[in-house]
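Chemist: Quick one: sequence plus predicted model below, questions after.
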Amino acid sequence: MKTIISYNAFPKLLLAFSFVFFTALAQKTVAQEVITVQRAIELTLKNNLQVTKSKLSEDLAKENFKQAKLAQYPTLGASVGQDMGWGRNNVSSGVYENTQTYSFSPRASLGVDLFNGFSKINQIRQNKILLEAGKLNTDKVKNDLVLQVVTSYMDILYNKDRLKAARQQLEVARKQLGQQQQLLDVGNKTLADLAESKSQVAVAELDVTKAENALSISFITLAQLMDIPSATRFEVQAPDISNFARSSSIYDAEQVYTEALGMFPDIKLAALQTASAKKGIDIARGSLYPSLSFSGGYGTSYIYRYNSPAQFPNASFKSQLENNVSKGIGLSLSIPIFNGLQARSGVTKAKINLLQTQADEQIVKNNLNKIIYQAVADLKAAESTYASTTKAFEAQKEAFSVLEQRYNVGLVNSLDYSTSQTKRNTAEIDMIRAKYDLLFRAKVIDYYLGKQIVF
């Protein structure tokens, strides 16, 4: 049985298929992944190439540490020499003949450093410290990236609210332009009033464009930190700002600084660099001491002469190797007396390097102290600013609402209306900025305390 579809049914089928297709496409487009700040941090630490490079440097430090330990072991080597020669040689007393010779000389050698001023031991200790420093440097890179992610995430949240506010104001401006056109049509408004409304719409459209551009850039910045394609579309999760109100009261700057000293990667890394510099002095001092080494060797040889006379026949390969064995051992003592004061200069440079690393360590501590005290003060200021801007926005919004009602009935001119609308818009943007500044300042404190960044 055949199914017959009439020609007139095709448009309906096409419409139905189109509806299903575009509905599915729309659902796929809208269903973007919502990335929390924790997920953004996780992706960044997993994918970012700065972390990868730091881990590779860590692997190099691990290999250097391994090599320094192996340098303590004796050295063992082997060599094989082969030579061919021809010409006149004294084959017997007073008799010279043209001869050709071939020689084969295997040899093995052993060398052991018995004492070298403890340089190798101190090198092992320094490389172990540098390995720990490499691991901490990776932690520092990750820590710095976390702050960058939080900053970029906040930028997205701020720009989203900014765009939302800009679109709302554009809608208000367009609605007002329509009302002005209607009032002009009945003779209750002038062309100047209409021009002013058109100007407000143009300004609002420009604000929307700026906000859209800023939001796009902030999304791209976060995507690049996470090392995902810049064109990837995703959403972010907005926090509840009420959870961070009055949070500065629980933070004491000195207490935060004391806790941060024991866990902040920058401080630990600076301390390890100082410890490494101290070992560098011990390594340099090793060159001031005598060095004692032991060596040993074992070898043999085989010589074959072409055209050898009958009274000097060539012995067999095996017998020559057995009879021509040479053995030897030796001790070598090297005493530095004068080498242009290079050894002492090396010690002096190592001491200067230690002073530099100690100064760098103190600078890191001073900067951390300054940053934390500033962060706590900024958090308190952000709370006050957010409270003030919220009150200012509510007041401006109420004032604009009243003025808008009067403007709609012709009791207020367009200039006063435009001024009031601008004040309201400015107050809203200030409040949005203060809201995310408060949230960011609170998260900065958690960052220095080594806490997980969560919203």
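Modeler: Sure, I can see it.
Chemist: buried stuff in stretch 403-418?
Modeler: For stretch 403-418, a neighbour-count test (16 or more other C-beta atoms under 10 Å) marks 403, 404, 407, 412, 414, 417, 418 as buried. Every C-beta, even on glycine, is put in place using the N, C-alpha and C of the backbone.
Chemist: ugh, typo on my part, it should be stretch 110-117
Modeler: By 16+ other C-beta under 10 Å, the buried positions in stretch 110-117 come out as 113, 116, 117.
Chemist: Could you measure from the first one over to residue 297?
Modeler: It refers to residue 113. Using C-beta to C-beta, to the nearest Å, one gets 17 Å for the distance from residue 113 to residue 297.
Chemist: hang on, the earlier thing: which of the buried residues of stretch 403-418 scores worst on pLDDT?
Modeler: When the buried residues of stretch 403-418 are compared on pLDDT, residue 414 comes out least confident, at 73.
Chemist: re the thing from before, and which of the buried residues of stretch 110-117 is nearest residue 88?
Modeler: The shortest gap between residue 88 and any of these belongs to residue 113, at 46.3 Å (C-beta to C-beta).
Chemist: Check which helices and strands the host helix or strand of that closest one is in contact with.
Modeler: Under the assignment given by DSSP states H and E, the secondary-structure element containing residue 113 is strand 95-115. When contacts are defined as 3 or more C-beta pairs under 8 Å, 6 or more residues apart in numbering; DSSP states H and E, strand 95-115 packs onto strand 75-92, strand 291-299, strand 302-306.
Chemist: Mind putting those into CSV with distance to residue 159, mean pLDDT and mean neighbour count?
Modeler: Shown next, in CSV, are the helices and strands packed on strand 95-115 (distance: least, C-beta to C-beta, whole Å; pLDDT from 0 to 100; neighbours: other C-beta atoms under 10 Å):
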stretch, distance to residue 159, mean pLDDT, mean neighbour count
strand 75-92, 64, 82, 11
strand 291-299, 66, 93, 16
strand 302-306, 85, 83, 16
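Chemist: Which parts of the stretch 301-450 of the chain are strands?
Modeler: Using DSSP state E, counting those that start in this stretch, the strands of the stretch 301-450 of the chain run over 302-306, 326-334.
Chemist: Tabulate these (a markdown table), appending distance to residue 449.
Modeler: Written out in a markdown table, the entries for those read as follows (distance: least, C-beta to C-beta, whole Å):
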| stretch | distance to residue 449 |
| --- | --- |
| strand 302-306 | 76 |
| strand 326-334 | 54 |
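Chemist: Out of those strands, which is closest to residue 444?
Modeler: Nearest of the strands of the stretch 301-450 of the chain (C-beta to C-beta): strand 326-334, 57.5 Å.
Chemist: Pull the residues that contact the closest one.
Modeler: Residues lying outside strand 326-334 but in contact with it, judged by C-beta atoms under 8 Å, 6 or more residues apart in numbering, are 114, 290-301.
Chemist: and if we set it to 7 Å?
Modeler: The set of residues that contact strand 326-334 without belonging to it, under C-beta atoms under 7 Å, 6 or more residues apart in numbering, is 290, 291, 292, 293, 294, 295, 296, 297, 298, 299, 300.
Chemist: likewise stretch 133-145?
Modeler: 44-45, 48, 50-51, 54-55, 57-58, 61, 225, 265-266, 268-269, 272-273, 276.
Chemist: ok, 10 Å please
Modeler: Contact with stretch 133-145 is made by 41, 44-45, 48, 50-62, 64-65, 130, 225-226, 264-273, 275-276, 447-448, 450, as judged by C-beta atoms under 10 Å, 6 or more residues apart in numbering.
Chemist: sorry, back to before: nearest approach to residue 193 belongs to which of the helices and strands packed on strand 95-115?
Modeler: With C-beta to C-beta as the criterion, residue 193 lies closest to strand 75-92 of these, at 96.3 Å.
Chemist: Against which helices or strands is the closest one packed?
Modeler: When contacts are defined as 3 or more C-beta pairs under 10 Å, 6 or more residues apart in numbering; DSSP states H and E, strand 75-92 packs onto strand 95-115, strand 291-299, strand 302-306.
Chemist: what is the mean pLDDT for stretch 54-64?
Modeler: Averaging pLDDT along stretch 54-64 yields 95.
Chemist: Next: stretch 174-190.
Modeler: Across stretch 174-190, the average pLDDT comes to 81.
Chemist: I'd like the numbering to begin with 28 instead of 1 from here.
Modeler: Sure thing, new numbering starts at 28, so read that last one as stretch 201-217.
Chemist: buried set for that stretch?
Modeler: Of all the residues in stretch 201-217, those buried under the rule 16+ other C-beta under 10 Å are 203, 204, 207, 210, 216.
Chemist: Mind exporting the C-alpha coordinates of that stretch to PDB?
Modeler: Extracted in PDB, the C-alpha atoms of stretch 201-217 (Å, rounded to 0.1, in the frame of the first residue of the first chain):
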ATOM      1  CA  ARG A 201      12.200  54.800  23.500                       C
ATOM      2  CA  LYS A 202       9.000  54.700  25.400                       C
ATOM      3  CA  GLN A 203       9.400  58.300  26.300                       C
ATOM      4  CA  LEU A 204      10.200  59.200  22.700                       C
ATOM      5  CA  GLY A 205       6.900  57.600  21.600                       C
ATOM      6  CA  GLN A 206       5.000  59.600  24.200                       C
ATOM      7  CA  GLN A 207       6.700  62.800  23.000                       C
ATOM      8  CA  GLN A 208       5.700  62.000  19.400                       C
ATOM      9  CA  GLN A 209       2.100  61.500  20.400                       C
ATOM     10  CA  LEU A 210       2.100  64.800  22.400                       C
ATOM     11  CA  LEU A 211       3.600  66.600  19.500                       C
ATOM     12  CA  ASP A 212       1.000  65.300  17.200                       C
ATOM     13  CA  VAL A 213      -1.800  66.800  19.400                       C
ATOM     14  CA  GLY A 214       0.100  70.100  19.800                       C
ATOM     15  CA  ASN A 215       1.200  69.600  23.500                       C
ATOM     16  CA  LYS A 216       4.900  69.400  22.800                       C
ATOM     17  CA  THR A 217       7.400  71.200  20.600                       C
END
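Chemist: Thanks a lot, catch you later.
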